[in-house]
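> dropping the sequence and predicted coords here.
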Amino acid sequence: MKGDDMTVEEMYNNEYEFEDDEDDDSDWDPSAVSDHNNVVEIPKWFCINCTWPNIGHDFHCDLCGEHRESGILQRGFLASSLHPTEQGLAQNGADVAVALQDPSLQSIGSDNRTAIGFDERMLLHEEVVQKSHPHPERSDRLRAIAASLAATGRCYPIPPREITREELLMVHSLENIEAVELTSQVFSSYFTSDTYANQNSARAARLAAGLCFDLAAAIFSGSVKNGFALVRPPGHHAGVKQAMGFCLHNNAAIAALAAQNAGAKKVLIIDWDVHHGNGTQEIFDKNKSVLYISLHRHEGGMFYPGTGSAYEVGTMGAEGYCVNVPWSRGGVGDNDYVFAFQQVVLPIVSEFDPDFTIISAGFDAARGDPLGRCDITPSGYAQMTQMCSDISGGKLLVILEGGYNLRSISSSATAVIKVLLGENPRHSMEQVIPTKSGLRTVLEVLEVQLNYWPSLKSKLSKLQSDWGLYALHDKKQVKKKKRRAKQLPIWWKLGRKRLLYRLWCKKLS
């Protein structure tokens with residue numbers, strides 16, 4: 001059977017054999033094709049903002065719309081997404097980042113300042129092996145945030161320090177520490193298929209952990225008001241023994257124990273990264289002095305790393321000191337997160353009454369993130385930070401975790417830091433109505449955690465009594481969408497425009 005008589009599916013599955021061509025092609029020279037006038041190379045470029053692969057000569061990313069020569073590394077989210085970088089701007093993002101360590105700021109009184117932890121040597125942690133797609137956890141993440149923050153000039157930089165082995169042993173096993181250290185002797189290595197290291201990674205991880213340790217101690221002692229750890233590699237997936245999920249050492253866990261070393265009796269960790277912090281949960285699973293609360297995509301264990309169901313509550317007498325809010329789908333936005341804070345997080349935190357608060361601040365649940373695919377806005381992050389600002393007498397440390405869209409991560413981190421500096425969020429979100437799936441998740445968590453936190457009883461009873469109101473609101477939205485869908489001519493459904501009809505109805509659903 002001739003190849004031109006076959007379907008594409010038949011060719012792909014090799015269901016039939018091609019007949020040999022009569023012409024002999026043994027002397028065919030592939031190199032000669034490149035010189036042919038009719039052969040055109042189609043350029044491929046990766047978006048500087050979201051790393052999406054783009055084909056062709058277009059100047060804007062097909063996924064996020066960012067200009068291929070955007071100045072986001074020089075000006076952060078303040079740079080135009082539609083136009084190339086302005087002439088005269090520094091081309092090296094590290095130059096802007098170094099401004100965060102301006103020694104002249106050290107003379108400013110610090111007891112009422114927001115401290116920031118950063119060191120440019122963390123930019124050297126990079127994937128060495130060139131693969132078909134850039135790694136999402138890249139140094140440009142810090143450059144974009146640093147460029148956005150450089151304009152504020154109001155953060156107090158703390159001197160960087162590498163954490164000691166003795167301090168790491170408070171959290172990690174010797175096996176983990178030695179495995180990370182070993183990477184400094186190897187040009188390129190991997191802990192897992194997505195967790196890379198190069199010769200500079202071990203130092204970067206020690207610097208990140210050291211900055212978090214010192215920030216926690218400084219905040220708890222009152223040397224500074226609060227702080228933001230602009231660090232990488234991230235940490236919340238790193239457990240006692242293993243490095244995974246882009247994480248080498250667990251920065252939040254190290255900061256929690258540093259605060260306890262400084263005198264804190266009870267520490268709260270709120271993790272709003274879109275992925276569950278399985279490492280942090282493992283480390284404190286049996287510890288009643290640390291309350292771990294995570295809000296993350298779960299989807300029945302189908303979303304990475306698969307842990308973090310509502311029924312994982314802690315073990316060995318520490319039941320209730322692990323609280324998971326596992327979203328059942330993507331696309332979760334401001335309303336669901338703020339609602340969960342109001343109904344679950346704040347009531348439990350009030351009863352726990354911590355001395356120190358840490359936020360594992362991943363920004364991969366932000367709108368536009370290619371991995372998280374959720375919908376939190378900078379205003380949503382600012383609102384959640386504001387809700388945490390009065391906990392523990394304001395002793396609050398925010399630690400960067402994930403987030404892989406440079407524009408989203410830089411605008412969101414800046415919104416959080418502005419709240420730390422004392423600015424109020426522009427939009428108040430006191431009265432919010434969650435989605436039906438978000439409400440179901442919150443109810444499930446309340447039913448589980450009611451066994452350990454008596455204060456939740458009134459919240460659960462009220463929500464259950466109001467369920468009809470929320471469900472009615474959701475039904476009204478559905479009916480409204482259906483009415484809008486009926487505006488399309490009904491014959492489109494059966495005619496040549498049936499595909500467009502289906503796409504339109506799907507968009508409204």
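Sure thing, it's come through.

> any idea which helix or strand of the chain has the worst average confidence?
The helix or strand of the chain with the lowest confidence, counting by mean pLDDT, DSSP states H and E, is helix 8-13 at a mean of 39.

> just for the stretch 201-350 of the chain, where's the confidence low?
For the stretch 201-350 of the chain, no stretch is flagged by pLDDT under 70.

> low-confidence ranges in the stretch 351-500 of the chain?
Along the stretch 351-500 of the chain, the parts satisfying pLDDT under 70 run over 467-500.

> what segments of it are strands?
Ranges of strands within the stretch 351-500 of the chain are 356-361, 396-400, based on DSSP state E, counting those that start in this stretch.

> so what does the longest one touch, helix or strand wise?
I take that to be strand 356-361. Packing partners of strand 356-361 (3 or more C-beta pairs under 8 Å, 6 or more residues apart in numbering; DSSP states H and E): helix 201-221, helix 251-261, strand 267-271, helix 378-388, strand 396-400. From N, CA and C alone the C-beta is placed, and that goes for glycine too.

> quick check: next helix or strand after the third one?
The first helix or strand that comes after strand 267-271 along the chain, using DSSP states H and E, is helix 278-283.

> what of the first one?
Following the chain from helix 201-221 toward its C-terminal end, the next helix or strand by DSSP H and E is strand 226-229.

> out of the strands of the stretch 351-500 of the chain, which gets nearest to Leu346?
When the strands of the stretch 351-500 of the chain are ranked by proximity to Leu346, the top entry is strand 356-361, at 11.8 Å, counting by C-beta to C-beta.

> hmm, back to that, would a markdown table of the strands of the stretch 351-500 of the chain with mean neighbour count and distance to Val445 be doable?
Converted to a markdown table, the strands of the stretch 351-500 of the chain look like this (neighbours: other C-beta atoms under 10 Å; distance: least, C-beta to C-beta, whole Å):
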| stretch | mean neighbour count | distance to Val445 |
| --- | --- | --- |
| strand 356-361 | 28 | 18 |
| strand 396-400 | 28 | 23 |
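
> dump those strands into a markdown table; add distance to His236 as well.
Output for the strands of the stretch 351-500 of the chain, formatted as a markdown table (distance: least, C-beta to C-beta, whole Å):
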| stretch | distance to His236 |
| --- | --- |
| strand 356-361 | 5 |
| strand 396-400 | 9 |
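
> out of these, nearest to Arg440?
strand 356-361 (24.7 Å).

> beta partners for Ala361?
Leu400 (DSSP bridges).

> surely it meets Gly402?
No. If you go by C-beta atoms under 8 Å, Ala361 and Gly402 don't touch, sitting 9.1 Å apart.

> now do the shared contacts for these two.
Asp273 (C-beta atoms under 8 Å, 6 or more residues apart in numbering).

> now Gly301: closest residue in space that isn't a chain neighbour?
Ser309 (6.8 Å; C-beta to C-beta, 6 or more residues apart in numbering).

> which strands and helices sit next to the helix or strand Phe339 falls within?
Using DSSP H and E, the element containing Phe339 is helix 334-340. Packing partners of helix 334-340 (3+ C-beta pairs under 8 Å, 6+ apart): helix 378-388, helix 436-449.

> residue contacts, Ile293?
268-271, 323-325, 344-345, 348-349.

> nearest to Glu127 among those residues?
The closest of the contacts of Ile293, once distances to Glu127 are taken by C-beta to C-beta, is Asp271, at 24.8 Å.

> and that closest one, how many residues sit next to it?
26 (other C-beta atoms under 10 Å).

> any idea how far it lies from Gln74?
Asp271 sits 31 Å away from Gln74, going by C-beta to C-beta, to the nearest Å.

> helix, strand or coil for the residue lying closest to Glu319 once chain neighbours are set aside?
In space, and not counting its chain neighbours, Glu319 is closest to Val313: 5.0 Å by C-beta to C-beta, 6+ apart. Recorded secondary structure, Val313: coil (DSSP: H, G, I helix; E, B strand; the rest coil).

> ok, Val313 touching Leu291?
No. Applying C-beta under 8 Å as the test, Val313 and Leu291 come out as separate, 11.3 Å apart.

> these two: which has the busier surroundings?
When neighbours are counted by other C-beta under 10 Å, Val313 and Leu291 differ, and Leu291 comes out ahead with 25 against 19.

> okay, and for the stretch 51-200 of the chain, where does confidence drop off?
86-111, 151-153.

> from the centroid of the chain, which residue is nearest?
Asp364 (2.6 Å; C-alpha atoms, centre = their mean).

> can you tell me the closest non-neighbouring residue to Thr280?
That would be His236: by C-beta to C-beta, 6+ apart, it lies 4.9 Å from Thr280.

> ok, the residue nearest to the centre of the chain touching Ser412?
No. The pair Asp364 and Ser412 fails to qualify as a contact (C-beta under 8 Å) at a distance of 9.9 Å.

> now do the shared contacts for the two.
Common contact partners of Asp364 and Ser412 (C-beta under 8 Å, 6+ apart): Gly403.

> of the helices and strands packed on helix 334-340, which is nearest Met302?
Closest among these, using C-beta to C-beta: helix 436-449, at 14.7 Å.

> which parts of the closest one are buried?
For helix 436-449, the buried set under the neighbour-count rule, 16 or more other C-beta atoms under 10 Å, comprises 438-439, 441-446, 448-449.
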